[in-house]
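S.K.: fold the following, please.
(2 chains)
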Amino acid sequence: MSLEARFQEFKAAAYAPKKLLNEYKAAGKKVIGVLPYYAPEELVYAAGMVPMGIWGSNNKTIARAKEYCATFYCTIAQLALEMMLDGTMDQLDGVITPTICDTLRPMSQNFRVSMAKLQKMPTIFLAHPQYRRPAFGLQFTVDQYTNVRNELDKIAGHKMTDEDIRAAIKVYNKFRQARREFVKLAGEHPEAVSAVNRSAVLKAGYFMEKPAYTEKLNELNAELAALPASNWNGVKIVTSGIICDNPVLLKIFDDNNVAIATDDVAHESRTIRVDADEEGDPMMALAKQFANEDYDVLLYDEASNQNRRGEFVANLVKESGAKGLVLFMQQFCDPEEMEYPYLKKALDGAGIPHIKLGIDQQMRDFGQAATAIQAFADVLSM
Amino acid sequence: MSIYTLGIDVGSTASKCVILKNGKDIISKSLIDVGAGTSGPARAIEDVLTSCGLTHEDMDFTLATGYGRNSLDGIAHAQMSELSCHARGATFLFPDVHTVIDIGGQDVKCMHIENGALVNFQMNDKCAAGTGRFLDVMARVLEVKVSELGDLAAKSTKRIAISSTCTVFAESEVISQLAQATDKCDIINGIHHSVANRVVGLVNRIGVQDRVVMTGGVAQNKGIVESLEEGLGHIVYTSPLTQYVGALGAALFAYQKALKAQQ
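M.R.: Okay, the predicted model is just below:
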């Protein structure tokens, strides 16, 4: 199978999740929607159901969700609700609503109230602790995850066992490892992996069933690893932000010979950095996995005055061989906006040029972004 | 044998062309007051060629820039961003330039130049405040021509604060001032300072360094230029060719590419 044919398979899944949802339901499977992010998807898998990530949409506009949302909520959250209101997600058997940021926190109640009012589906509330590493923080996470587990059991109609969860952890560790390997190979072979294709491969992971996805991705990785050393002569950058999956926007990178060396994007690498222990108490293993997550705008950092995250991102750029960073600033993401001065300070301190592009999922015209990306490529090529 | 290069700047509100001879002499220029998606680019190209008696076949290289730079298939040999072209054009006119401010029809760009090369830049967020469009909207509300704004602001005797950062709400503020019979000249002066405040904030993000040059059509508005000078604390230089700086930069890059193609 050609590389392009492999990419087409991932694109088919990434761009048409509704088709996959229909197929899962037609096969008699139960499907759980999972909102961003750090939800223990392993529990959905362990319950014998299919998790599908919900990170907004690049093809819809906000209409019905306006009834529930403040105007400054990000479009990711608003369009997620829109799809749950307009019938797109009606076949879901439930949805997990994490509360990891200041928008998702109140939005969890918008989801709860609207889904109950319209009698569409159960919502499963999930709160992560601020202090995730001390014993009390780990216990808080275990308690929250246990609640999610119990609610999933109700929807599944049977109780998952610890062994089911341990098996799910193994599946998800392999899934994350394959994704990390792909990110690395895509950065090494921009001549073979366009920014558009890179994004589609990673996005498909939110919709496809995990074992099948991992198998396909490992096959793709093997082909990429066997390629001769890249002779690509464009400019490499690192991307940062919550999400940047719009193919129209990403094509601007490809058109200007700008490749993504690696990323600090929540939708892509931030959520696959840490694996969970495959032995011992699986609920604690999942809690520890969350505790071990780091360098994320949305996670509390007791040493934030040291600007550890800024330094981490600057090092990511340097170690990846990229020449600069493109920050996709989701409007109006408070955590990312608040962090930006610190990120800028770290990048400036390390001599790493960057640009900040304001984006949202209702954007259809990327003329200004195209100008900035092209000019940034010129600057980095000097 | 002479090398002729054509730079075409297809902006959101105007189309500009410059023909350079041997990368240094401007032998023709044209400007049509409509931009991307209109007949403007074709008319501007026709004008610039007609006025110097050359044809498109005489051009050794044609390079497009501006918002509509990708719409000239079959005419332009290459395209570049207007940031790079404005930086290049401004350096041609002011060799010691370090800061370039370009207020365009729909965006504001601030550039930092070192040794003639663009090294850093900032653009406005997705908002019309501080752009040429903002001035268009305000001129319409005030029932004056955009080209009159500078002279009218010079007659202002009192500073009116237009505090809203959003074009829509600023328009409401202006209407409110008109309803209170505030002098139009004072309102225009306030609008200029409102635009300047937005731009100053943007320029300060990349650092202001002399010489500061303003490019683009809005630079013809001396009220804006003076407000910027006040806000920045630096002299802001403009050129009679201010509207052509992007096209000039494109023609200069085209010359570079023509030379490379000949090698």
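
S.K.: C-alpha from now on. contacts and neighbour counts both.
M.R.: Fine.

S.K.: for the closest residue to B:Val97 other than its chain neighbours, give me its contacts.
M.R.: Among residues not flanking B:Val97 along the chain, B:Arg211 sits closest, at 4.6 Å (Cα to Cα, 6 or more residues apart in numbering or on different chains). B:Arg211 makes contacts with B:Asp96, B:Val97, B:His98, B:Thr99, B:Ile235, B:Val236, B:Tyr237, as judged by Cα atoms under 8 Å, 6 or more residues apart in numbering or on different chains.

S.K.: close to chain B: what parts of chain A are there?
M.R.: By Cα under 8 Å from any Cα of the partner chain, the residues of chain A that approach chain B are A:353, A:355, A:357-358, A:367-368, A:371-372, A:374-375, A:378-379, A:382.

S.K.: mind giving me the ChimeraX command for buried ones among the residues you listed?
M.R.: Buried members of the residues of chain A next to chain B, defined by 16 or more other Cα atoms under 10 Å in any protein chain shown, are picked up in ChimeraX with:
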select /A:353,355,357,358,368,371,372,374,375,378,379
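
S.K.: the residues of chain A next to chain B: which two are farthest apart?
M.R.: Pairwise distances among the residues of chain A next to chain B were taken by Cα to Cα; the largest, 25.0 Å, belongs to A:Gly358 and A:Met382.

S.K.: helices along the stretch 1-150 of chain B, start to end?
M.R.: If DSSP state H, counting those that start in this stretch is used as the criterion, the helices of the stretch 1-150 of chain B fall at B:40-50, B:82-93, B:132-142, B:149-154.

S.K.: now chain A
M.R.: For chain A, the helices defined by DSSP state H cover A:3-15, A:17-26, A:41-46, A:75-85, A:104-117, A:135-156, A:162-188, A:195-204, A:210-225, A:247-255, A:282-292, A:308-320, A:334-349, A:367-381.

S.K.: now distance to A:Ile124 and mean pLDDT too, for those, in JSON lines please.
M.R.: Shown next, in JSON lines, are those (distance: least, Cα to Cα, whole Å; pLDDT from 0 to 100):
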{"stretch": "helix A:3-15", "distance to A:Ile124": "25", "mean pLDDT": "97"}
{"stretch": "helix A:17-26", "distance to A:Ile124": "19", "mean pLDDT": "97"}
{"stretch": "helix A:41-46", "distance to A:Ile124": "12", "mean pLDDT": "98"}
{"stretch": "helix A:75-85", "distance to A:Ile124": "14", "mean pLDDT": "95"}
{"stretch": "helix A:104-117", "distance to A:Ile124": "8", "mean pLDDT": "94"}
{"stretch": "helix A:135-156", "distance to A:Ile124": "6", "mean pLDDT": "98"}
{"stretch": "helix A:162-188", "distance to A:Ile124": "18", "mean pLDDT": "98"}
{"stretch": "helix A:195-204", "distance to A:Ile124": "23", "mean pLDDT": "98"}
{"stretch": "helix A:210-225", "distance to A:Ile124": "21", "mean pLDDT": "98"}
{"stretch": "helix A:247-255", "distance to A:Ile124": "31", "mean pLDDT": "97"}
{"stretch": "helix A:282-292", "distance to A:Ile124": "17", "mean pLDDT": "98"}
{"stretch": "helix A:308-320", "distance to A:Ile124": "31", "mean pLDDT": "97"}
{"stretch": "helix A:334-349", "distance to A:Ile124": "24", "mean pLDDT": "95"}
{"stretch": "helix A:367-381", "distance to A:Ile124": "37", "mean pLDDT": "93"}
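
S.K.: could these go into TSV alongside distance to B:Ser12?
M.R.: TSV is the format used below for the helices of chain A (distance: least, Cα to Cα, whole Å):
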stretch	distance to B:Ser12
helix A:3-15	32
helix A:17-26	37
helix A:41-46	47
helix A:75-85	27
helix A:104-117	38
helix A:135-156	52
helix A:162-188	36
helix A:195-204	27
helix A:210-225	42
helix A:247-255	19
helix A:282-292	48
helix A:308-320	35
helix A:334-349	29
helix A:367-381	10
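
S.K.: burial count for A:Val345?
M.R.: No Val there; residue A:345 is Lys. When neighbours are defined as other Cα atoms under 10 Å in any protein chain shown, A:Lys345 has 15 of them.

S.K.: list the contacts for it?
M.R.: For A:Lys345, the contacting residues are A:Gly310, by Cα under 8 Å, 6+ apart.

S.K.: not counting sequence-adjacent ones, nearest residue to residue 120?
M.R.: Answering for chain A, as no chain was given. Nearest non-adjacent residue to A:Lys120, counting by Cα to Cα, 6+ apart: A:Asp90, 6.5 Å away.

S.K.: not quite, I wanted chain B
M.R.: Distances taken as Cα to Cα, 6+ apart place B:His112 nearest to B:Asn120, at 5.1 Å, with adjacent residues excluded.

S.K.: how about the one you found, what does it touch?
M.R.: Contact analysis of B:His112 by Cα under 8 Å, 6+ apart lists B:His98, B:Thr99, B:Val100, B:Leu118, B:Val119, B:Asn120, B:Phe121, B:Ile206, B:Gly207.

S.K.: those residues: which two are farthest apart?
M.R.: B:Leu118 and B:Gly207 (13.6 Å).

S.K.: which one of these two is surrounded by more residues?
M.R.: Using other Cα under 10 Å, the more surrounded residue of B:Leu118 and B:Gly207 is B:Leu118, with 26 against 16.

S.K.: which of the contacts of B:His112 fall within strands?
M.R.: Secondary-structure check on the contacts of B:His112 using DSSP state E: residues within strands are B:Thr99, B:Val100, B:Leu118, B:Val119, B:Asn120, B:Phe121.

S.K.: relative to B:His98, how far out is the residue nearest to A:Lys120?
M.R.: 57 Å (Cα to Cα, to the nearest Å).

S.K.: pick out whichever of these two has more residues nearby.
M.R.: Shown here are A:Asp90 and B:His98; by other Cα under 10 Å, B:His98 has more neighbours (25 against 15).

S.K.: hmm, the more buried one is touching B:Asp210, no?
M.R.: Yes: counting by Cα atoms under 8 Å, B:His98 does reach B:Asp210; the two are 5.8 Å apart.

S.K.: now do the contacts for the one residue in the stretch 151-300 of chain A that gets nearest to chain B.
M.R.: Among the residues of the stretch 151-300 of chain A, A:Asn256 lies nearest to chain B; the distance is 9.8 Å by Cα to the nearest Cα. Listed by Cα under 8 Å, 6+ apart, the contact partners of A:Asn256 are A:Ile373, A:Gln374, A:Ala377.

S.K.: make it 7 Å
M.R.: Listed by Cα atoms under 7 Å, 6 or more residues apart in numbering or on different chains, the contact set of A:Asn256 reads A:Gln374.

S.K.: what does chain B have sitting close to chain A?
M.R.: Applying Cα under 7 Å from any Cα of the partner chain, one finds that chain B approaches chain A through B:Tyr67, B:Ser81, B:Leu83, B:Ser84, B:Leu118, B:Val119, B:Asp125, B:Lys126.
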